[in-house]
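[1] Please find the sequence and the predicted model below.
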There are 2 protein chains.
Amino acid sequence: MSKAANTRLTILHKAFELIYSKGYQTTSIDDIIATTQVTKGAFYYHFKTKDEMGIAIIEEILKPTMLESFIQPIENSQNPIDDLYNMISYLLLEDPFLEVKYGCPVGNLTQEMTPWNTQFSKALLELVNQWMHTIQKIILEAQNSGLVRKEINGEQVAFFIMSGYWGIRNFGKLQNNNSCYIVYLKEFRDYLNGLK
Amino acid sequence: MSKAANTRLTILHKAFELIYSKGYQTTSIDDIIATTQVTKGAFYYHFKTKDEMGIAIIEEILKPTMLESFIQPIENSQNPIDDLYNMISYLLLEDPFLEVKYGCPVGNLTQEMTPWNTQFSKALLELVNQWMHTIQKIILEAQNSGLVRKEINGEQVAFFIMSGYWGIRNFGKLQNNNSCYIVYLKEFRDYLNGLK
DNA sequence: GTTGTTTCATACCAATTAGTATTTTTTATG
DNA sequence: CATAAAAAATACTAATTGGTATGAAACAAC
């Protein structure tokens, strides 16, 4: 990787960390260049505006991460119910990328940016739809192989699962404690079993 | 109401509107005094700091609203399953206080403030716990009167319901469209019926 | 109507914000 | 090594931020 490409990536990664923990608005360019040890000239050579960098974080960090670490693992699921549970359980309790008190990066950005920044909305919606379609797909496959009841509606289930995930992450933030995740997961397991 | 108490309330209400639609950080004191037509002197006479005002919004606007408009209505429920459904349905589709594209005020503040402002965390946690305990209580009562299965865990259900609500509101924000609420509510109905 | 307190108005401030203009260094290519 | 382009460093700006200092109305009690 060229040195320039490297500083660009450094900016994206460190900026992501800051934004994930502090929020987008409250993370200033000065914050970013201070923690990255990159000068303002370098920053604005790589990104025309702060928002351009924000979109780049979604496209170049969040999207690939989501794809690799929790879409691909369930994509060819033989055991959808278990795999859906494991996906959420992994995200809540194990993913090293995520921290209880900072919630879900995608959820955070959605909450913060969505009502007034259409660029962010578009990028985030793409990302979320990708996840949702994957869930819908494996539900459908599970129905075809008889593992999930035929009368279940995949779209409904996908919305329900993702909503629950986003919501409980907000709870985790509020309580700054993952014990609510344990409780949530128990009910989630029961809910999933109800789809059989 | 005295004139002074009136300006104080005006500030709180208008500030709430701004914060609900734009976020806390991005709502400046200048924004608030511009839309309220109240001078900075008046503002800082009533509130020592911006954060003091923020807490006052939670205590004096959000808390009473929540109590009156969606805790009391279900508190003495004879039909918990239906009433829980109606509560969420009302919040998503009818409550004039709320708008699709701005999400849930409590959820928004939690997302934005919680990782770094303990005062806000505390006030929001109290508020949320109050809602949760109400849900737990009516589940328990429903179990006692045989309307909900005995093996159901009320705490789990309460977490599950509230998480789903917070999550789907974030979806509504993202899509700026309440059609996802309709889909969500269908699955929510099925989930609730599974508790019987 | 004088006096004291509550309430509000005005003018300011230092710090921070995103972004720019300009120059310097680094790097690749002949 | 020379040169041009890419990459980065430095110094700045205008606007906005939360908050303050100080004084002026409004209002109550006597």
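    Right, received. Where do you want to start? Quantities reported herein were computed from a predicted structural model and do not represent experimental measurements. Numbers count the residues shown, from 1 in each chain, chains lettered A, B, ... in the order given.

[2] Just want the residue of chain A that's nearest DNA strand C.
    A:Ser28 (3.1 Å; C-beta to the nearest atom of the strand). Bear in mind the C-beta positions are built from the backbone N, C-alpha and C, glycine included.

[3] Please report the distance of that residue from DNA strand D.
    Taking C-beta to the nearest atom of the strand, to the nearest Å as the measure, A:Ser28 falls 11 Å from DNA strand D.

[4] A:Phe43 too?
    8 Å.

[5] tell me which element that residue falls in.
    Assigned by DSSP states H and E, A:Phe43 falls within helix A:40-46.

[6] which residues of chain A fall in helices?
    A:3-22, A:29-36, A:40-46, A:50-57, A:63-66, A:72-75, A:80-93, A:105-113, A:118-144, A:154-175, A:179-193 (DSSP state H).

[7] The ones you listed: which one's closest to B:Val128?
    The minimum distance between B:Val128 and the helices of chain A falls on helix A:154-175, with 6.4 Å, by C-beta to C-beta.

[8] per-residue confidence for the residue in chain A that DNA strand D sits nearest to?
    Nearest residue of chain A to DNA strand D (C-beta to the nearest atom of the strand) works out as A:Gly41 at 1.7 Å. On the pLDDT scale, A:Gly41 is placed at 97.

[9] Can you get me a residue count around it?
    8 (other C-beta atoms under 10 Å in any protein chain shown).

[10] Check the one 5 residues further on too.
    Here the neighbour count serves as a burial measure; for A:His46 (other C-beta under 10 Å) it reads 18.

[11] That one: what's its closest spatial neighbour, skipping adjacent residues?
    Nearest residue to A:His46 in three dimensions, chain neighbours excluded: A:Arg8, at 4.7 Å (C-beta to C-beta, 6 or more residues apart in numbering or on different chains).

[12] shouldn't that neighbour be in contact with A:Phe43?
    No - using C-beta atoms under 8 Å, A:Arg8 is not in contact with A:Phe43; the gap is 9.6 Å.

[13] Quick check, A:Lys101 in contact with A:Asn170.
    No - counting by C-beta under 8 Å, A:Lys101 sits too far from A:Asn170 to count as a contact (11.3 Å).

[14] With neighbour numbers in mind, choose between those two.
    Legend: neighbour count by other C-beta under 10 Å for A:Lys101 and A:Asn170, higher for A:Asn170 (29 against 16).

[15] which residues touch the more buried one?
    The contact partners of A:Asn170, taken as C-beta atoms under 8 Å, 6 or more residues apart in numbering or on different chains, are A:103, A:107, B:107, B:110-111, B:163, B:166-167.

[16] rewinding a little: what does the residue of chain A closest to DNA strand C show for phi and psi?
    Main-chain dihedrals, A:Ser28, degrees, to the nearest 10: phi -90, psi 160.

[17] what's the burial count for it?
    Around A:Ser28 there are 12 residues (other C-beta under 10 Å).

[18] That one and A:Ile55: what is the separation?
    Distance of A:Ser28 to A:Ile55, given as C-beta to C-beta, to the nearest Å: 18 Å.

[19] Tell me the residues of chain A that contact DNA strand C?
    Residues of chain A lying close to DNA strand C by C-beta under 7 Å from any atom of the strand are A:2-3, A:27-31, A:40-41, A:44, A:48-51.

[20] quick revisit: looking at the helices of chain A, which has the lowest confidence?
    Mean pLDDT values for the helices of chain A show the minimum at helix A:72-75, a mean of 87.

[21] Please save the CA atoms from it in PDB.
    C-alpha atoms of helix A:72-75 as PDB (Å, rounded to 0.1, in the frame of the first residue of the first chain):
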ATOM      1  CA  GLN A  72     -21.100 -14.000   4.900                       C
ATOM      2  CA  PRO A  73     -21.100 -16.200   8.000                       C
ATOM      3  CA  ILE A  74     -24.900 -16.700   7.700                       C
ATOM      4  CA  GLU A  75     -25.300 -16.500   4.000                       C
END
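
[22] Show residues contacting it.
    With C-beta under 8 Å, 6+ apart as the test, helix A:72-75 has contacts from A:80, A:83-84, A:87, A:134-135, A:137-138.

[23] at 10 Å instead, please
    For helix A:72-75, contacts defined as C-beta atoms under 10 Å, 6 or more residues apart in numbering or on different chains pick out A:66-67, A:80, A:82-84, A:86-87, A:90, A:131, A:134-135, A:137-138.
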